[in-house]
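**Student:** make a model of this:
(one chain, ligands or ions: 1)
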Amino acid sequence: MNRIGIYYAFWTHNWAANFVPYVAKVKKLGFDVLEVNSGTVADMTTAERRRLKDTAAKHGIELTACIGLPREYDPASPDRATRERGIAFLKKQARALAETNIHELGGIVYSYWPGCLPAGETDKRPYWDRSIKSMREVMKTAEDCGVTFHMEVVNRFEQYMLNTAAEAVRYIREVGSPNCDVLLDTFHMNIEEDSFAGAIRTAGKHLGHLHIGETNRRAPGRGKMPWDEIFGALKASRFKGSIVMEPFLMPGGEVGRDIKVFRDLRDGVSLDREAARACRFVKRALARKQGVAHA
Ligand code: MN
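**Tutor:** Sure, this is the predicted structure:
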């Protein structure tokens, strides 16, 4: 069965956090994977990275990482100095992640977040071409470090470059590295794709990682997301990657502001109980699809 994970920011108001206590927490709640923010890992000292790595190994938790690049690092920027900063930043992420035994980096690494085409521009091709060129450069380091970069497809309100699975497949084919593949997220797919199963089929063997959540970013099993269709399509495409839920329920702080959580979605339920429930929901739904006995 696929490994099931959760993004640490479910519990935090700020993006920067000490990830160490979340390792034991997510293990206890039933997860296999903890997704962390790559920028924070790269800012840690070598000793801090070693401690995170050792803690994850001790608890049998796999770590994955995610980032939305700040605009100053946009690898698609018309400004050469910005692109060069972006390339150097991404290479630094790859090296820091490898040192922490993290081999997957997903998110908006092909442009910046939240990002829009500049006023008056309608053609994204020049941005796309510069992004491809930058990503090919980054891939040399990613391949050396053994870190796979998952290009996250997100909705139009957050980015302009990759809004559909079809665009992401075109993008990664142009990059042409075994360490560059596609990340789909059910929250974004719900806005942009004509069909969940169709998008998963389109990504096919290039789908490296999946983010899941309901249409309002509640944890899986609380809303109207067609989980049966989604898990069925994953099985049909023989998806082997990790499935990481990214629920956001708390308003306030940097996370609440950046994710645009303007009401309390906890409804009096503790975050730990909600995470454990959602983990059981996903594991059972997957087991049913995969014909595996599961308690
Ligand atoms: Mn996501």
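**Student:** rest of the way, CA atoms for contacts and neighbours
**Tutor:** Fine.
**Student:** which parts of the stretch 1-150 of the chain are helices?
**Tutor:** 20-29, 38-43, 46-59, 80-99, 125-145 (DSSP state H, counting those that start in this stretch).
**Student:** packing partners of the fourth one?
**Tutor:** In this structure, helix 80-99 packs against helix 38-43, helix 125-145, with contacts taken as 3 or more C-alpha pairs under 8 Å, 6 or more residues apart in numbering; DSSP states H and E.
**Student:** mind doing that once more with 10 Å?
**Tutor:** helix 38-43, helix 46-59, strand 62-68, strand 104-108, helix 125-145, strand 148-152 (3 or more C-alpha pairs under 10 Å, 6 or more residues apart in numbering; DSSP states H and E).
**Student:** which of the ones you listed sits closest to residue 247?
**Tutor:** strand 62-68 (14.3 Å; C-alpha to C-alpha).
**Student:** from residue 96, how far out is the closest residue to residue 88 other than its chain neighbours?
**Tutor:** Using C-alpha to C-alpha, 6 or more residues apart in numbering and skipping residues adjacent in sequence, the residue nearest residue 88 is residue 138, 7.9 Å away. Using C-alpha to C-alpha, to the nearest Å, residue 138 is found at 14 Å from residue 96.
**Student:** so for the two, which residues contact both of them?
**Tutor:** Taking C-alpha atoms under 10 Å, 6 or more residues apart in numbering as the contact rule, residue 138 and residue 96 both touch residue 90.
**Student:** now the helices of the stretch 1-150 of the chain as TSV including mean neighbour count and distance to residue 190?
**Tutor:** Shown next, in TSV, are the helices of the stretch 1-150 of the chain (neighbours: other C-alpha atoms under 10 Å; distance: least, C-alpha to C-alpha, whole Å):
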stretch	mean neighbour count	distance to residue 190
helix 20-29	18	27
helix 38-43	20	26
helix 46-59	16	33
helix 80-99	20	29
helix 125-145	19	24
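**Student:** so which of these comes closest to residue 7?
**Tutor:** Of the helices of the stretch 1-150 of the chain, nearest to residue 7 by C-alpha to C-alpha is helix 20-29, at 9.7 Å.
**Student:** could you list the low-pLDDT ranges of the protein?
**Tutor:** 292-295 (pLDDT under 70).
**Student:** thinking again about what came up before, can I get the helices and strands packed on helix 80-99 in a markdown table with distance to residue 25?
**Tutor:** Listed next are the helices and strands packed on helix 80-99 as a markdown table, based on distance: least, C-alpha to C-alpha, whole Å:
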| stretch | distance to residue 25 |
| --- | --- |
| helix 38-43 | 19 |
| helix 46-59 | 10 |
| strand 62-68 | 13 |
| strand 104-108 | 21 |
| helix 125-145 | 29 |
| strand 148-152 | 26 |
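**Student:** residue 259: which of the ones you listed is closest?
**Tutor:** With respect to residue 259, and counting by C-alpha to C-alpha, the nearest of the helices and strands packed on helix 80-99 is strand 62-68 at 11.8 Å.
**Student:** still on that earlier bit, out of the helices and strands packed on helix 80-99, flag the one nearest residue 287.
**Tutor:** Between the helices and strands packed on helix 80-99, strand 62-68 lies closest to residue 287; by C-alpha to C-alpha that is 20.3 Å.
**Student:** give me the sheet partners of that closest one and which way each runs.
**Tutor:** Here strand 62-68 has these sheet partners by DSSP bridges: strand 33-37 (parallel), strand 104-108 (parallel).
**Student:** neighbours of residue 250, how many?
**Tutor:** 23 (other C-alpha atoms under 10 Å).
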